[in-house]
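Asks: Here is a sequence with its predicted model. Questions after.
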Amino acid sequence: MSIGKCIIFSAPSGSGKTTLVKYLLGQNELNLIFSISATTRKKRNNEKNKVDYIFLDKDSFKNKIGNEEFLEFEEVYEDVFYGTLKESVRILLNKYNVIFDIDVEGGLKLKNQFNEKALAVFVRPPSIQELQKRLNKRNNDSSESIHTRLSKAKLELSREEFFDKTIVNDDLSDSKKEAYNLVSEFLNKK
C-alpha cells in the first residue's frame, strides 16, 4: 500500500505549469518528488535524459505501450508521444507525494486512476494572446509549432471544468502562493 498522494499539474503549453511545479518541488515540507515522463520528442539543448524526461525512440515507446507499462500515454502531437511509466510511480509513492507536469488529457487519465488520492490542478493563461506572447518569448519553437500549440490550447481550455482546481497564471508570485496553498491543504487532508 502506497503512502503518497499525487499532485497533477496540467495546462496548455506555455501556461507556466512547469515553473509552478519546480517551485513546489523546492518546498521540502511538501515531500514532493517529480514524476519523469517518457517522450519521443527531440531533446532540447538544456534538457537531460532521465532528469527532465526519459527520451525514447518511437519503437521503444510503442513496445512499452504493448507491454502495458504506462499508467497513461498520449500522442500529444503527430508522432510525438508522452507517457507515465507505472513502475516508476509505484516506487516513488512508497516514500513521497508524486507531482506530475503533464498534458491535459494525460492529467485527466491520471486523475481517473488515482481518484481521491490525487489533486488535479489546471493552470490557465490569462488569455490566448498572452499565451502566444509567452510561447514566442520562450524562443524554443518554430512559428508552425507555436500555431499548433495555440490551436491545441483552445481545445485544452475546454477541458478545464474536469479538474479539481484552476489557477489563472497572471501574476507568477500570486500563482506560486495559490499553488502552494492548494497542494498543502490537499496533502494535509486525511
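Replies: Sure thing, it's come through. Numbering: from 1, shown residues only.
Asks: how about the helices in this protein?
Replies: With helices called from DSSP state H, the chain shows them at 17-25, 58-66, 86-93, 104-114, 128-138, 143-157, 172-188.
Asks: Can I get the first one as PDB, trimmed to CA atoms?
Replies: Right, the one you point to is helix 17-25. What follows is helix 17-25, C-alpha atoms only, in PDB (Å, rounded to 0.1, in the frame of the first residue of the first chain):
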ATOM      1  CA  LYS A  17       2.800  24.800 -15.100                       C
ATOM      2  CA  THR A  18       6.500  23.700 -15.200                       C
ATOM      3  CA  THR A  19       7.500  26.900 -13.400                       C
ATOM      4  CA  LEU A  20       4.900  26.200 -10.700                       C
ATOM      5  CA  VAL A  21       5.900  22.600 -10.400                       C
ATOM      6  CA  LYS A  22       9.600  23.500 -10.000                       C
ATOM      7  CA  TYR A  23       8.600  26.000  -7.300                       C
ATOM      8  CA  LEU A  24       6.600  23.400  -5.400                       C
ATOM      9  CA  LEU A  25       9.400  20.800  -5.700                       C
END
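Asks: show me what contacts the residue nearest to Asp170 when sequence neighbours are not counted?
Replies: Nearest residue to Asp170 in three dimensions, chain neighbours excluded: Pro126, at 4.3 Å (C-beta to C-beta, 6 or more residues apart in numbering). Using the backbone N, CA and C atoms, a C-beta is placed for each residue, glycine as well. Contact analysis of Pro126 by C-beta atoms under 8 Å, 6 or more residues apart in numbering lists 168-170.
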